[in-house]
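**Student:** 3D model of this:
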Amino acid sequence: LVSTEFHWIALFEDGVQAVNRLTQETVWEQAFSQQQVYGNMIGMCHDAATGKCWVYSGFLVNEVQVTAEDQSIWRCYLAMGKYDTSLLYCQTLEQREKVLTAQADHYYHEGQWELAATIYAKTRRSFEEVTLRFITLGEKGALKRYLSDKLDNIRGTDRTQLTMICTWLCEMYLDKLNS
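**Tutor:** As a prediction, the model looks like this:
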């Protein structure tokens, strides 16, 4: 048994298997199809200096290449609810979007609306959907937080949305001053 950062690699007489350490699911298997030529695999070793893993029989030494080991680790951490760690392993904008949206939804359902609003502002979730959620709840503080953070994250070329958000924020602040 060899342990890498995210997987255990196990050697059997008839093959090699990689198991995800976070989920305990088998993620890769390789059967040895020519045992009669090479003999049964009798051992496996790991070179800590290079990170390479080797399997060997009486007649053969073969390298087990571990590539892109962390490509789906973000999904494992997301399923565990470890959003910040999941974000560290995101490799595309789509992955990052899924993690941020799931994190915002989690905080929303937990009743942490201002924190949810801050994270929703970083996502591409529909502006109308998010604002209606907070309006329906009557959470003016969360709505104000969302609008303010959205204003920070919006492109300067989206003049219509910039104008709408600024007008809405001004109205909210004026309403607060009047009361």
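**Student:** When you work out contacts or count neighbours from here on, use the C-alpha atoms and nothing else.
**Tutor:** OK.
**Student:** okay, now Ile72: neighbour count?
**Tutor:** In this structure residue 72 is Ser, not Ile. Using other Cα atoms under 10 Å, Ser72 has 14 neighbouring residues.
**Student:** I would like the residues contacting stretch 51-65, please.
**Tutor:** With contacts defined as Cα atoms under 8 Å, 6 or more residues apart in numbering, stretch 51-65 is touched by 2, 11, 38-47, 66.
**Student:** could you redo the last one with a cut-off of 7 Å?
**Tutor:** 38-47 (Cα atoms under 7 Å, 6 or more residues apart in numbering).
**Student:** do the same with stretch 22-36
**Tutor:** If you take Cα under 7 Å, 6+ apart as the criterion, stretch 22-36 is touched by 14-20, 76.
**Student:** Just give me the neighbour total for Arg133.
**Tutor:** Quick note: Arg133 (other Cα under 10 Å) scores 15 neighbours.
**Student:** I'd like the contacts of stretch 51-65 laid out as CSV, including distance to Ser57, pLDDT and neighbour count.
**Tutor:** CSV is the format used below for the contacts of stretch 51-65 (distance: Cα to Cα, whole Å; pLDDT from 0 to 100; neighbours: other Cα atoms under 10 Å):
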residue, distance to Ser57, pLDDT, neighbour count
Tyr38, 7, 67, 15
Gly39, 6, 73, 16
Asn40, 6, 76, 19
Met41, 4, 79, 22
Ile42, 5, 84, 12
Gly43, 7, 88, 15
Met44, 9, 89, 21
Cys45, 12, 88, 13
His46, 15, 85, 17
Asp47, 17, 84, 9
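**Student:** From the contacts of stretch 22-36, list just the buried residues.
**Tutor:** Neighbour-count burial (16 or more other Cα atoms under 10 Å) applied to these gives 15-20, 76.
**Student:** Select from the residues you listed every entry located in helices.
**Tutor:** Cys76 (DSSP state H).
**Student:** Toward the C-terminus from the helix or strand of the chain with the lowest mean pLDDT, list the very next helix or strand.
**Tutor:** Ranked by mean pLDDT, DSSP states H and E, the weakest helix or strand in the chain is helix 35-38, scoring a mean of 62. Next helix or strand after helix 35-38 toward the C-terminus (DSSP states H and E): strand 41-47.
**Student:** For the next helix or strand after that following strand, which strands pair with it and how are they oriented?
**Tutor:** Next helix or strand after strand 41-47 toward the C-terminus (DSSP H and E): strand 52-57. Strand partners for strand 52-57, identified by DSSP bridges, are recorded as strand 41-47 (antiparallel), strand 61-64 (antiparallel).
**Student:** Now for the residue nearest to Asn20 when sequence neighbours are not counted, how many residues are close by?
**Tutor:** The shortest distance from Asn20 to any non-neighbouring residue, by Cα to Cα, 6 or more residues apart in numbering, is to His7 (4.5 Å). His7 has 22 neighbours, counted by other Cα under 10 Å.
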